[in-house]
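> Fold the following and give me the result.
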Amino acid sequence: MKKSNYLPVVLFVPSSDANRREMAIVARYLKLNEFAKPIFFPEKIRDLDSWQDEFTVIKNLFDPIKVYDYLVDIVHKIAFFKRKHNLNKYLLSFKLGIRLKQTIRILKKISPISIVLRGDRHLGNGWEPAFIRAGKILNIPTIVLTFSYTSNPETLLKRRRNKKQLNADEDNFAKKKYPNQFYFDKKTGSNILYRPRYALEALNDWIMLPRYPWVMGGGNSDYILVAGKNTKERLIKLGCYEKKIRITGLAVHDDLYINHINKIIIKQRLFEKYNFIDSKPLIILSPAQLYEEKFVELNTARQELEKLIFLCSNIDANVLISLHPRMNKKLYLESISKFDIPVADENLFEIIVSADIFSSSYSSTVEWAVICGVPAVIYDFYQLNYSRYNDYKGVVVNKDRTSYLNYLNELIANKEKLRLMSEKQLAKARELSPFDGCCLERISQIIINKKLVYN
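Have a look, this model is predicted:
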């Protein structure tokens, strides 16, 4: 690509540690190759210090609204507790109006050629819908950079079905006016709103209401970058417009690709570092984020982790625990220390290629294993019953602890079965990602392409 002294600006708007890391990979690539100047606008003030040494970070524009945010959040919680619909709607609408003015001012100041976001259906603190709306007003394309498996309606309903204020059948006005904002829940036989009515009306006031929030890409963004053909077909089936979708692969897939090439060396280093026995296979175990996903309280999550590790301690293999970045290791040290099983210092994407078996609950990292040809075994002791991996040949789901333990022991004793699992998964892998080491290049080309069509 031809470079010039002038570098166009790309604005990144991260909102969590996970999507922030993915955005940082892309931003570094743009900066290193002098394709564009990345500028970050972290939604959370606490993120600023760790970013401003490496990237340009917008921070002074937070100050005028800090006190307002604090007061509004307090009043909003009181109003929501008392179910004061009109007050909630007024407060949120007022806040979104301020957000829109702020985002327009930011965009006019830095003049980016594109805005990179983590999604187009979140409300959060109001920044995401405001940036998308401001992008429409100023003709700046908004691009959703996916970094993991995006939730299906079945997952979204599980988190919403027990909230009375989201029962659309008890609010005929919302049900009639916002037909795309509720979804029929087969389990309860009721229609569930994506968010409370007051939020729907406030977003609608500012033309920020996502068209169809039950699928990522169903909002008002212009483009969504996805891992592969499998994700594209799933999003279209769920209601995302096909014209918005671009297959690029994920940024992390390039790291996986390089590590896959060097997997023998990586495995040797792991065995030396953690004093593993050379003659035994390696199982990388990824514990479920039960507490972090708000399925259970912390004490219950610790108990479940102990049960899981106990099972794996009875397997004749080397076992390495890999905690998700969202899981605070300090919270689980007491539970883990009861067993002689190490916790990896490395990130999972750095070591998953070295595993003979990868085991987790329902997680996007299962796709990493499939892409790399590592046999994946899912445990679902918590009866989540998600369907996301039903069509993944070679990926096995175990519903109870006994069958899980027996199956892992069976795999360890049968190398031919492991090989066949890997072969079946690799057939699926072609649909999950290009996996050619060029994902970052494709992502960058789309983000900075001056011929990008504005929808």
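
> and Ile115, that's in a strand?
Yes - counting by DSSP: H, G, I helix; E, B strand; the rest coil, Ile115 is part of a strand.

> need the contact list for it.
When contacts are counted by C-beta atoms under 8 Å, 6 or more residues apart in numbering, Ile115 touches Val10, Leu11, Val13, Leu107, Phe131, Ile132, Gly135, Ile140, Pro141, Thr142, Ile143. C-beta here means a position set from N, CA and C on the backbone, and glycine is covered the same way.

> same deal with Lys229?
Lys229 touches Ile247, Glu431, Leu432, counting by C-beta under 8 Å, 6+ apart.

> rerun that using 10 Å as the cut-off
Shown in contact with Lys229 (C-beta atoms under 10 Å, 6 or more residues apart in numbering): Ile247, Arg430, Glu431, Leu432, Ser433, Pro434.

> Show me which of the contacts of Ile115 is closest to Glu292.
Closest approach between the contacts of Ile115 and Glu292, by C-beta to C-beta: Val13, at 22.5 Å.

> Let me see the ranges of the strands in the protein.
Using DSSP state E, the strands of the chain run over 9-13, 37-40, 56-57, 114-117, 142-145, 182-185, 190-193, 223-226, 245-247, 282-286, 318-321, 357-360, 376-379, 396-398.

> now the contacts of Lys229 in CSV, with neighbour count and distance to Asp345?
Shown next, in CSV, are the contacts of Lys229 (neighbours: other C-beta atoms under 10 Å; distance: C-beta to C-beta, whole Å):
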residue, neighbour count, distance to Asp345
Ile247, 16, 33
Arg430, 13, 32
Glu431, 16, 33
Leu432, 21, 27
Ser433, 27, 26
Pro434, 17, 30
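
> out of those residues, which are inside helices?
Arg430, Glu431, Leu432 (DSSP state H).

> Mind putting those into TSV with pLDDT and distance to Arg159?
Output for the ones in helices among the contacts of Lys229, formatted as TSV (pLDDT from 0 to 100; distance: C-beta to C-beta, whole Å):
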residue	pLDDT	distance to Arg159
Arg430	89	32
Glu431	93	28
Leu432	94	25
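
> Is Ala199 in contact with His122, as I believe?
No - counting by C-beta atoms under 10 Å, Ala199 does not reach His122; the two are 11.4 Å apart.

> Spit out the residues that contact those two alike.
Common neighbours of Ala199 and His122, counting by C-beta under 10 Å, 6+ apart, are absent.

> count of residues packed around the closest residue to Arg118 other than its chain neighbours?
With sequence-adjacent residues excluded and distances taken as C-beta to C-beta, 6 or more residues apart in numbering, Arg118 is closest to Asn19, at 4.0 Å. Around Asn19 there are 21 other residues, counting by other C-beta atoms under 10 Å.

> For the remainder of this discussion, apply numbering that starts at 15.
Taking 15 as the first residue, the last one we looked at is Asn33.

> For Asn33, list the residues it contacts.
Residues near Asn33 by C-beta under 10 Å, 6+ apart: Phe26, Val27, Val130, Leu131, Arg132, Gly133, Val158, Leu159, Thr160, Phe161, Ser162.

> And Ile426, by the same measure?
Shown in contact with Ile426 (C-beta under 10 Å, 6+ apart): Lys294, Pro295, Ile297, Ile329, Asp330, Ala331, Asp370, Ile371, Leu432.

> Would you write out the ChimeraX command that picks the buried residues out of the residues you listed?
Applying 16 or more other C-beta atoms under 10 Å to these, the buried members can be selected in ChimeraX as follows:
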select :295,297,329,331,370,371,432
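
> Let's see which of the contacts of Ile426 end up in helices.
Going by DSSP H, the helices hold Leu432 from the contacts of Ile426.

> got a list of what Asp359 touches?
Applying C-beta under 10 Å, 6+ apart, we find Asp359 in contact with Lys287, Tyr288, Ser336, Lys343, Ile365.

> surely Ser128 meets Val27?
No - Ser128 is beyond contact range of Val27, at 11.2 Å (criterion: C-beta under 10 Å).

> anything in contact with each of the two?
Residues touching both Ser128 and Val27 by C-beta under 10 Å, 6+ apart: Thr156.

> Can I get the contacts of Asn33 in CSV including neighbour count?
Output for these, formatted as CSV (neighbours: other C-beta atoms under 10 Å):
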residue, neighbour count
Phe26, 29
Val27, 26
Val130, 28
Leu131, 26
Arg132, 23
Gly133, 22
Val158, 27
Leu159, 26
Thr160, 21
Phe161, 22
Ser162, 16
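
> Sort out which one of the contacts of Asp359 lies nearest Glu48 for me.
Closest to Glu48, out of all of the contacts of Asp359 and judged by C-beta to C-beta, is Ile365, at 31.9 Å.

> what about the closest one, distance to Pro339?
Taking C-beta to C-beta, to the nearest Å as the criterion, Ile365 is separated from Pro339 by 14 Å.

> more crowded one of the two?
Ile365 (22 against 13).

> what's the neighbour count on the closest residue to Glu364 other than its chain neighbours?
Leaving aside its sequence neighbours, Glu364 sits nearest to Asn273 (C-beta to C-beta, 6+ apart; 6.3 Å). Neighbourhood size, Asn273 [other C-beta under 10 Å]: 18.

> Tell me who's in contact with Asn273.
So, once contact is read as C-beta under 10 Å, 6+ apart, Asn273 ends up touching Ile279, Ile280, Phe363, Glu364, Ile365, Ile366, Val367, Ser368, Cys386.

> residues in contact with the fifth one?
Shown here is Ile365, whose contacts under the criterion C-beta under 10 Å, 6+ apart are 273, 277, 280-281, 283-284, 296, 298, 334, 336, 358-359, 372.

> Between those residues, identify the one with the most neighbours.
Phe372 (28 neighbours).

> Lovely, talk soon.
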